[in-house]
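[1] here you go, sequence then predicted model.
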Amino acid sequence: MHKITKRLLRYFTVLLLLFAVIAYAGFSMALLYQTYRSHAQVLEDRAQTIASKVEQFLGTSGPKQGRGAYLRFVDDIAMAKAYIIDASGKPFSFGHQGEVSGTPTKETIEFAERVFESGKYEHCHEVNTQGKRVFYAGAPVYFDGQVNAAVVILDTMEIEYQGFFHAITILGACLTLAFLLSGFFSILLSRRFMQPIHQIAYMAKEFAGGNYQVVSNVEDKTELGELAKEMDLLARKLETARLESSRLEQMQKDYISNISHELRTPIAVLRSSLEAVCDGVVTGEKAVEYERQMLAECISLQRLVNDMLELSRLQNKDFPIKKEAMDLLMPLEDAVRAVRVIAQHKSIEILYEKNAGEWLILGDYGRLRQMFIAVLDNAIKYSAQGGQVIVKAEQVPDAVIVSVQDFGCGIPQEDLQNIFTRFYRSRQNSEKGSGLGLAIMKSIGERHDIEVCLQSVWQEGTKVIFRLPADCLLQSPCNRS
């Protein structure tokens, strides 16, 4: 049995015992009270009856015969010791026709005085020297509107303990049975109560072991059910975090592998060329050609390293970029002018369409120009000879949109989901490059709250869309820096 189950059983046991003691004591006291109250009521009825009879004897129209006999047998009528006491504290009589037998005690006379003073029924009880409970019941006798006498009945009460203990025994047996049944059901309920706790504890152990695919399977409408749901939610989040961590770890490995691959080729070319020159394998014009090749590889290496540093800085949110108020169309138009010369070499026409007006934002002019040049350069690079590149700048109700569309080779559908990944290049791509251009472009957009998305169809063309929410324009309440 588990520790919490034992503790719950101890608590149940203590509570049940306390309940049993309270119930037992309460029932005993209630039974005694009801017994005493019932006996007191009987004495009151007898006292009132005797007082009414004496008042009839005192009345002018009342019977005269049998008065003395009534007084002599008043104990039998009351079925207890009874006195009729006059105002002087002496036994009451009807002239010489008899009086109540026996002399009242001092306590009886004092109680009769209470009846004379109040003029109404009085009662009390006390324990005498023998340890018995004595009941006093007194009723006034009225004649001509005044209290003429007091009827006092004394009775010692002895409880029928056999019947009393019989009732108490039945109560004790019922409580014992209730205690046993409650203990049995307490064990069942405690096990049912502990089941979701055990399941949640099992989940926690599985979490500690790295298993986040467990579920609680707890259906409970109490706080335990809510806790189980939170544990299930935590399991899903931990599993998502684990998968994301694995993905990032794999990306890191791929990143290092890609860097190694990108650096290995130019370094190998440089080494082999230098060895050929140093060993005198190549001389004259051939050596000059090798030197030009080594220079080109060095430039390629420099560009690769610069792109890597550039991307690292852009993806670091703590690295500041210089922002100032500017028209978003200015770096776009500057980029279009800059790439026209490149486009002329392939006889590619760049069509530029825009809405009237200014799009004032807070941005880094150089970075935004770099972003637009990167996408325009790709559009020209992958367009066929004599093709077109369409650049559109338009404003919609909730955003401003810049799109660059070419009609070149396009990108296969399976490559679209990884197109912004560092060093990722489509297997269908024969153009040279580091594979960092699109990643840099997207990072620049993110630093300016610009959403960058790419749509492409293989052998039909590619469209890159830059979307800036309207509330990020300086004319709107959103003024970000």
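    Sure thing, it's come through.

[2] quick one, strands of the chain?
    Taking DSSP state E to define them, one finds strands in the chain at 81-86, 122-127, 133-143, 146-157, 324-327, 349-354, 360-363, 388-396, 399-406, 451-457, 461-469.

[3] with respect to burial, which of the ones you listed scores highest?
    strand 81-86 (a mean of 22; mean count of other C-beta atoms under 10 Å). C-beta: built from backbone N, CA, C; applies to glycine.

[4] apart from its neighbours in sequence, what residue is nearest residue 327?
    Nearest residue to residue 327, sequence neighbours excluded (C-beta to C-beta, 6 or more residues apart in numbering): residue 358, at 4.7 Å.

[5] quick check on the one you found: phi, psi?
    Residue 358 adopts backbone torsions of phi -120, psi 150, taken as degrees, to the nearest 10.

[6] for it, give its distance to residue 473.
    Using C-beta to C-beta, to the nearest Å, residue 358 is found at 9 Å from residue 473.

[7] with neighbour numbers in mind, choose between these two.
    With neighbours defined as other C-beta atoms under 10 Å, residue 358 and residue 473 compare such that residue 473 has more, 20 against 13.

[8] which residues touch that one?
    Contacts for residue 473 (C-beta atoms under 8 Å, 6 or more residues apart in numbering) come out as 359, 360, 361, 400.

[9] what about the residue nearest to residue 328 when sequence neighbours are not counted, how many neighbours?
    Sequence neighbours aside, residue 359 is the residue nearest to residue 328 in space, at 4.1 Å (criterion: C-beta to C-beta, 6+ apart). By the criterion of other C-beta under 10 Å, residue 359 has 22 neighbours.

[10] surely residue 359 meets residue 326?
    No: assessed by C-beta atoms under 8 Å, residue 359 is found out of contact with residue 326, at 9.2 Å.

[11] beta partners for residue 141?
    As for beta bridges, residue 141 partners with residue 149 under DSSP bridges.

[12] that one contacts residue 147, doesn't it?
    Yes: Residue 141 is in contact with residue 147 according to C-beta under 8 Å; the separation is 6.9 Å.

[13] give the burial count for residue 289, as a bare number.
    12.

[14] and it, how far from residue 283?
    Taking C-beta to C-beta, one finds residue 289 at 11 Å from residue 283.

[15] swap in residue 145?
    Distance from residue 145 to residue 283, by C-beta to C-beta: 159 Å.

[16] what about those two, which has more around it?
    Neighbour count, other C-beta under 10 Å: between residue 145 and residue 283, residue 283 has more, with 11 against 6.

[17] quick one, phi/psi of that one?
    phi -140, psi 170.

[18] for it, give me its contacts.
    Here residue 283 is in contact with no residues (criterion: C-beta under 8 Å, 6+ apart).

[19] looking at it, residue 394 is touching residue 354, isn't it?
    Yes: using C-beta under 8 Å, residue 394 makes contact with residue 354 at a distance of 7.4 Å.

[20] shaky segments in the stretch 151-300 of the chain?
    Scanning the stretch 151-300 of the chain for pLDDT under 70 picks out 158-164, 193, 251-252, 254-259, 261-262, 265, 300.

[21] would you map the helices across the stretch 251-400 of the chain?
    For the stretch 251-400 of the chain, the helices defined by DSSP state H, counting those that start in this stretch occupy 285-315, 329-345, 365-381.

[22] output those in TSV, with distance to residue 44 appended to each entry.
    Shown next, in TSV, are the helices of the stretch 251-400 of the chain (distance: least, C-beta to C-beta, whole Å):
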stretch	distance to residue 44
helix 285-315	99
helix 329-345	109
helix 365-381	106
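
[23] single out the most deeply packed of those.
    Taking mean count of other C-beta under 10 Å, helix 365-381 is the most buried of these, at a mean of 21.

[24] how far does that one sit from its chain's centre?
    50 Å (C-alpha atoms, centre = their mean, to the nearest Å).

[25] mind giving me the packing neighbours of that helix?
    helix 329-345, strand 388-396, strand 399-406, helix 437-447, strand 461-469 (3 or more C-beta pairs under 8 Å, 6 or more residues apart in numbering; DSSP states H and E).

[26] now it against strand 349-354, angle please.
    Interaxial angle of helix 365-381 relative to strand 349-354 (axes from the mean of the first three to the mean of the last three C-alpha atoms, to 10 degrees): 140 degrees.

[27] contacts for helix 365-381?
    By C-beta under 8 Å, 6+ apart, helix 365-381 touches 314, 321, 324, 326, 328, 330-332, 334-336, 338-339, 342-343, 346, 348, 350, 389, 391, 402, 404-406, 408, 431, 437-438, 440-441, 444-445, 447-448, 462, 464, 466.

[28] pLDDT of it, averaged?
    Average pLDDT, helix 365-381: 87.

[29] rewinding a little: out of the contacts of residue 473, give me the two with the largest separation.
    360 and 400 (10.5 Å; C-beta to C-beta).

[30] so what's in contact with those two at the same time?
    328, 473.

[31] from residue 228, how far off is the closest residue in space to residue 214 that isn't next to it in sequence?
    In space, residue 214 comes closest to residue 206 once its chain neighbours are excluded; the distance is 4.6 Å by C-beta to C-beta, 6+ apart. According to C-beta to C-beta, residue 206 and residue 228 sit 14 Å apart.

[32] quick one: the helices in the stretch 101-250 of the chain?
    Under DSSP H, counting those that start in this stretch, the stretch 101-250 of the chain gives helices at 106-118, 161-208, 223-278.

[33] most neighbours per residue, which of these?
    helix 106-118 comes out most buried of the helices of the stretch 101-250 of the chain by mean count of other C-beta under 10 Å, with a mean of 17.
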